[in-house]
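1. could you look at this predicted model? Sequence included:
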Amino acid sequence: MKDPNTRRTTLSAGRPLRLVALTAVAGLTLSACGFGGQGGGGDEGDGTTLDLLVPTYSDQTKALWEDVIAGFEEENPDIDVNLEVQSWDNINDVVRTKVQSDQAPDILNIDAFAGFVEDDLLYSADEVLSPETIADFQESFVENASMDGTQYGLPLIASARTMFYNKDLFTQAGLDPEAPPATWDELKDAAAKISALGGGTYGYGLPLGSEEAQAEAGIWFFGNGGGYGDASEITIDTPENVEAAQFFQSLAAENLTQPDAGATDRTPLIDVFIQGKIGMIVGLPPTIGQIADKNPDLNYGTAPVATKDGSPVTLGVADHLMAFKNEGDKQDAIKAFLDYYYSPEVYVPWVDAEGFIPTTKSGGEELATKETIAPFLELLPNAQFYPSTNPQWSAAQGAIQSLIGQVAQGKEAQAVLTEIQAKADQ
Amino acid sequence: MTTDTTGTQAGATTASAAPPSDHHAAPPGADDRSRRTWRGTLTALPWIGPSLALIALIVLFPAGVMIFNSTRDISQSGVDRGSAGLENYADVLAIDALPRVLLNTVVWVVVVVGLTVVISLALANFLNKQFPGRQLVRLAVIVPWAASVVMTTTVVYYGLQPNYGIFNQFLADIGILEVGDYGFTKNATSAFIVAIVVAVFVSLPFTTYTILAGLQAVPHEVVEAARMDGASRSRTYFSVILPQLKPALSVAALINIINVFNSLPILRIMTGSIPGYDADTTTTLIFKLIQSDRRVDLASALSVVNFAIVILVIVAYMRIVKPMKGVDE
């Protein structure tokens, strides 16, 4: 009885082994696919496929890019462009994961590029753009997109900040609606009067939540002669910045802002302004379109951002396109796409539809009279930019986003800025 | 399992069949047993192979990469710049907020699991009773399970939003708040409490049903016997029914501990907008290290630490509670 049993087991053991081998091979093949997918999918014939990764600026971002791509592919039938759209919340994680697994996109739209340059991942501008296209960029943006004299970032859009204020609330609070505050003291005084109206009105909208705290904090820092530093050094823990932080802390502490300023994100707070419940808030070009869209009756005005002594300064932001080298075999295709994109017939309608400021000379001339961007164009000469050519800036920005709000929650300003500086210096 | 039992029986049979004075009978039995077990495993491979491969691919491989990453110096754009030794671990342990974060983690796990088990026990007892409409109530308990955690949390999160959240509006309407702009999810303490409530809510269905299954397995005769012997209702419950529930309870608690400890979405949504680390657990801190600080290497190191903590907690739990042991053993 025992022996036959044993034999059967021995016999059948051969086949399972083969199965195991098969399974193992299948497993390996599957994992190989996971890592080498880049070259495989999407190729048609001998054509090249470009991966384009962009963030969403508005609900129509995806459609706008699809139009650009459709037009490009018509002119260049041998090149396919693969569009991937991510939210601003995710795009940094997505990019990092892709770079880590050698699947970087060929063209990326994001704010900072210095970290990629440091790791030698990017083409310089002259490698992927024709001289005419490069010559069309406005100089200030080129400077902001260059490291050690070489331009790597391709300025895509610009925006500047300006103060929006609610004229009706100014009138109700007994303030002159045609004389918005220019200095911090005037701003605090106006905020106090508007907050005193009660019923859920707030004097100043202070969005120090993680969404874009670096912008709001930056405006205050610049307004006191401080800032974030330059290409070689990040300077956050400075006396000017600490004083500015103490000032906006006092606004929050004296209830002249919306509650929980340290945890309020910008986008929802601008909606509260649009509803007419906030006296003053710093907004950006698309805000004008949003007001026209959501509450056209809002009686508002725009004015330069208030600073400590009233001297004009604002935050300018430029986002960039950048081209990754990857295997180095797509340079011509990238160049074809970028030259097509930056041609005025394609680029200007794109920027116009997104409601931002163009970074090219031809675009600037064409859109100079648009009422949605005119108030911001005036401010550009006084704009200060993030030190986005400093490789440490990304880490500094992340630290500001997650920590600066503590100032408004009552933590000592000096301690918070020291903590952020330490993270930036890591 | 089955093969093993057969092997043991076969060995036992051989041993008992042989005369006690004969030394040679037992060793062949043992030898036979091990050979059979080995062959059994081999025969079973085609069936367990795919799942083993899957485990290797989606559990062991990523875990290996994580451990590897934790010893590397990775740039913020994701490029590996070489070995960092144990420096990342030293950096993790040097994080100023770590004591607070660890304390938060303990509070989070203990309170959520504790409340979940107690409430589930009550619910399960209730659902075990006969009453009209019991099917409907049982169904209602499952509902939170059917909805995605992120969705449930987001709904509550919006409801609690200042200015436009329905809960804030309600508090303003009944006059508790002058204006409905209280930031429930904007302060560390209140946000943490709200997150705990949601975590308990979404953990209830699984736990309740596990305990309910345990309750239904309690033999009716035992309860009847206790009653015949004159035991009071509470005595019957605490001395007869509850001990029989131990396996169900301890397994439910263990699974909840692991789940809650590793839970990211609820805290991420509820406390994500709070600046600083006052409302973070180790799991959400990992997330912030990646997203805000762009430190994949540091986050990997903290993940390894997190993993080690879970293992330690489970081992301690298994040794102290012995969840697999029934009442009779």
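-> The structure has been received and is ready for your questions. A quick note: this is a predicted structure, and the numbers were derived from the prediction, not measured.

2. residue A:380: neighbour count?
-> Look at residue A:380: counted by other CB atoms under 10 Å in any protein chain shown, it has 18 neighbours. For glycine as for every other residue, the C-beta is placed from the backbone atoms N, C-alpha and C.

3. residue B:150 now?
-> Residues near residue B:150, counting by other CB under 10 Å: 14.

4. cool, the one 5 residues further on as well?
-> Counted with other CB under 10 Å, the neighbours of residue B:155 add up to 13.

5. residue A:316: what secondary structure?
-> Counting by DSSP: H, G, I helix; E, B strand; the rest coil, the backbone at residue A:316 sits in strand.

6. same check on the one 5 residues further on?
-> Following three-state DSSP, we place residue A:321 in the strand state.

7. beta partners of it?
-> Residue A:321 has the following beta-bridge partners by DSSP bridges: residue A:109, residue A:154.

8. isn't it up against residue A:154?
-> Yes. Residue A:321 lies in contact with residue A:154 (CB atoms under 8 Å); the separation is 4.3 Å.

9. for the stretch 51-200 of chain B, what spans make up the strands?
-> When secondary structure is read from DSSP state E, counting those that start in this stretch, the stretch 51-200 of chain B shows strands at B:72-74, B:80-83.

10. the last one - what's its average pLDDT?
-> Strand B:80-83 shows a mean pLDDT of 86.

11. give the pairing partners of it; include direction for each.
-> strand B:72-74 (antiparallel).

12. helices and strands around whichever strand or helix holds residue B:223, which ones?
-> Following DSSP states H and E, one finds residue B:223 within helix B:220-228. With contacts defined as 3 or more CB pairs under 8 Å, 6 or more residues apart in numbering or on different chains; DSSP states H and E, the secondary structure elements packing on helix B:220-228 are helix B:233-236.

13. quick one: residue A:404 and chain B, what's the gap?
-> 7 Å (CB to the nearest CB, to the nearest Å).

14. before we move on, back to that, can I get the strands of the stretch 51-200 of chain B in a markdown table with mean neighbour count?
-> Formatted as a markdown table, those follow (neighbours: other CB atoms under 10 Å in any protein chain shown):
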| stretch | mean neighbour count |
| --- | --- |
| strand B:72-74 | 18 |
| strand B:80-83 | 11 |
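
15. so which of those strands is nearest residue B:252?
-> For the strands of the stretch 51-200 of chain B, the distance to residue B:252 is smallest for strand B:72-74, at 38.9 Å, taking CB to CB.

16. any idea of the mean pLDDT in the closest one?
-> 89.

17. just the helices in the stretch 301-426 of chain A please.
-> Ranges of helices in the stretch 301-426 of chain A, per DSSP state H, counting those that start in this stretch, are A:331-341, A:344-354, A:361-367, A:374-379, A:393-403, A:405-408, A:413-425.

18. go through those and pick out the most buried.
-> Mean neighbour counts were compared across these using mean count of other CB atoms under 10 Å in any protein chain shown; the top stretch is helix A:405-408, at a mean of 28.

19. what average pLDDT does stretch B:51-58 get?
-> Over the span of stretch B:51-58, the pLDDT mean works out to 91.

20. that stretch close to chain A?
-> Yes. In terms of CB under 8 Å from any CB of the partner chain, part of stretch B:51-58 sits within range of chain A, namely B:53, B:56-57.

21. ok, the residue of chain A found nearest chain B - contacts?
-> Residue nearest to chain B within chain A: residue A:405 (2.8 Å; CB to the nearest CB). Neighbour list for residue A:405: A:208-210, A:213, A:261-263, B:274-276 [criterion: CB atoms under 8 Å, 6 or more residues apart in numbering or on different chains].

22. so which of those wins on neighbours?
-> Sorting those by how many neighbours each has (other CB under 10 Å) puts residue A:208 first, at 34 neighbours.

23. okay, that residue: pLDDT?
-> Per-residue pLDDT puts residue A:208 at 93.

24. pretty sure it contacts residue A:404?
-> Yes. Using CB under 8 Å, residue A:208 is in contact with residue A:404, at 5.7 Å.

25. so which strand or helix has the closest residue to residue B:77 other than its chain neighbours?
-> In space, not counting the residues next to it along the chain, residue B:77 is nearest to residue A:115; the distance is 4.4 Å by CB to CB, 6 or more residues apart in numbering or on different chains. Residue A:115 is part of helix A:114-118, with elements assigned from DSSP H and E.

26. hey, what's in contact with both of residue A:208 and residue A:404?
-> With contacts taken as CB under 8 Å, 6+ apart, the residues that reach both residue A:208 and residue A:404 are A:217, A:262, B:275.

27. let me know the secondary structure of the last one.
-> Assigned by three-state DSSP, the conformation of residue B:275 is coil.

28. re the thing from before, now the shared contacts of residue A:208 and residue A:404 as JSON lines including distance to residue B:223 and pLDDT?
-> Written out in JSON lines, the entries for the shared contacts of residue A:208 and residue A:404 read as follows (distance: CB to CB, whole Å; pLDDT from 0 to 100):
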{"residue": "A:217", "distance to residue B:223": "66", "pLDDT": "95"}
{"residue": "A:262", "distance to residue B:223": "56", "pLDDT": "91"}
{"residue": "B:275", "distance to residue B:223": "55", "pLDDT": "89"}
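
29. what about residue B:103, neighbour count?
-> Counted with other CB under 10 Å, the neighbours of residue B:103 add up to 11.

30. could you do the one 4 residues further on as well?
-> The number of residues packed near residue B:107 is 13, by other CB under 10 Å.

31. for chain A, see how far away it is.
-> As it turns out, when the distance is counted by CB to the nearest CB, residue B:107 lies 20 Å from chain A.

32. got the phi/psi numbers for the residue of the stretch 201-329 of chain B found nearest chain A?
-> Proximity to chain A, evaluated over the stretch 201-329 of chain B using CB to the nearest CB, is greatest for residue B:275 at 2.8 Å. Dihedral angles of residue B:275 (phi, psi; degrees, to the nearest 10) stand at phi -70, psi 150.
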